[in-house]
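A.B. asks: what's the 3D shape of this:
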Amino acid sequence: MSKLPTPTPHNAAKPGDIAKTVLMPGDPLRAKFIAETYLEDVVCFNTVRNMFGYTGTYKGKKVSVMGGGMGMPSIGIYSYELFNFYDVDNIIRIGSAGGISDGVQLRDVVIGMGCSTDSNYAAQYKLPGTIAPVASFDLLRKAVEAAEKLNVKTVVGNVLSSDVFYNDNKDANDLWKKMGILCVEMEGAALYLNAARAKKNALCILTISDHLYTGEELSAEERQTSFREMMEVALEIA
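C.D. replies: Residues are numbered from 1 along each chain as shown. I've put the predicted structure just below:
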């Protein structure tokens, strides 16, 4: 992993513009919302490809927030650059997920202890077996403790990071469900793998916005309210 000059082709930030901890929603407009709602003394460090990034302070601590896009190739690029070119130590993904397990409900905050995946992202490492992408235990423990203090219900366990949103295999969800998968999203495994390779820390904090088996889903207004709980847990541990 060689250091490349900054700015990069995807990030206009200069060295020192980005905090050691970055909150990373998929939606760049959610990054903008977090910066404007929770951070003080905010400075925008990136608008390249409209993937907004901001740095400010939360309760006196320097924190950055930046969009990561949809899917593992996208978050793979942004998180790699943050870890390896901008000396970021911690990335906390905050996103939505579709419930799979009967043990999760709408609005539940799921903390991804591990990210199973149908992606080939790890093939680049040429490992002599299959790696299990896992969260930073330190971040995970802090998130659970912060959620308890904020009275936010959390479920901790294995989530699925899928490359496919519209899956032609109609049995896929049933097969993952029987193995105890809590929910499905599309970025976590790449983030965890990048963190492992860079010897940095990563965590996925997800909100159940819909359930694949019950058919329930949150309205746009309900998502805004529910997602704030997830954001506040992440900010507390940033």
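A.B. asks: What are the boundaries of the helices in this structure?
C.D. replies: Taking DSSP state H as the test, the helices found in the chain are 28-38, 72-85, 137-149, 172-177, 188-198, 220-237.
A.B. asks: what's the first one packed up against?
C.D. replies: Pointing back at helix 28-38 there. Contacts defined by 3 or more CB pairs under 8 Å, 6 or more residues apart in numbering; DSSP states H and E place helix 28-38 against strand 21-24, strand 40-46, strand 53-58, strand 61-66, helix 220-237. (Each C-beta comes from the backbone N, C-alpha and C, glycine too.)
A.B. asks: ok, residues contacting the first one?
C.D. replies: Same thing as strand 21-24. By CB atoms under 8 Å, 6 or more residues apart in numbering, the residues outside strand 21-24 that reach it are 31, 34, 63-68, 75, 78-79, 82, 88-94, 191, 231, 234-235, 238.
A.B. asks: switch the cut-off to 7 Å
C.D. replies: Strand 21-24 has contacts (CB atoms under 7 Å, 6 or more residues apart in numbering) with 34, 63-66, 68, 82, 88-94, 234, 238.
A.B. asks: Same check on the second one?
C.D. replies: The list of residues contacting strand 40-46 from outside it, by CB under 7 Å, 6+ apart, reads 11-13, 17-18, 35, 52-57, 66.
A.B. asks: Please export the C-alpha coordinates of that strand as PDB.
C.D. replies: Provided in PDB are the C-alpha atoms of strand 40-46 (Å, rounded to 0.1, in the frame of the first residue of the first chain):
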ATOM      1  CA  GLU A  40     -20.300  22.800  15.100                       C
ATOM      2  CA  ASP A  41     -17.700  24.800  13.100                       C
ATOM      3  CA  VAL A  42     -18.400  22.700  10.000                       C
ATOM      4  CA  VAL A  43     -16.100  22.800   7.000                       C
ATOM      5  CA  CYS A  44     -16.900  21.000   3.800                       C
ATOM      6  CA  PHE A  45     -13.700  19.200   2.500                       C
ATOM      7  CA  ASN A  46     -15.200  17.300  -0.500                       C
END
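A.B. asks: Pairing partners for it, with directions?
C.D. replies: strand 53-58 (antiparallel) (DSSP bridges).
A.B. asks: Any idea how many residues pack against Thr225?
C.D. replies: Thr225: 11 surrounding residues under other CB atoms under 10 Å.
A.B. asks: Could you point out which residue ranges in the chain have low pLDDT?
C.D. replies: For the chain, applying pLDDT under 70 flags the ranges 1-4, 224.
A.B. asks: Thanks a lot, see you next time.
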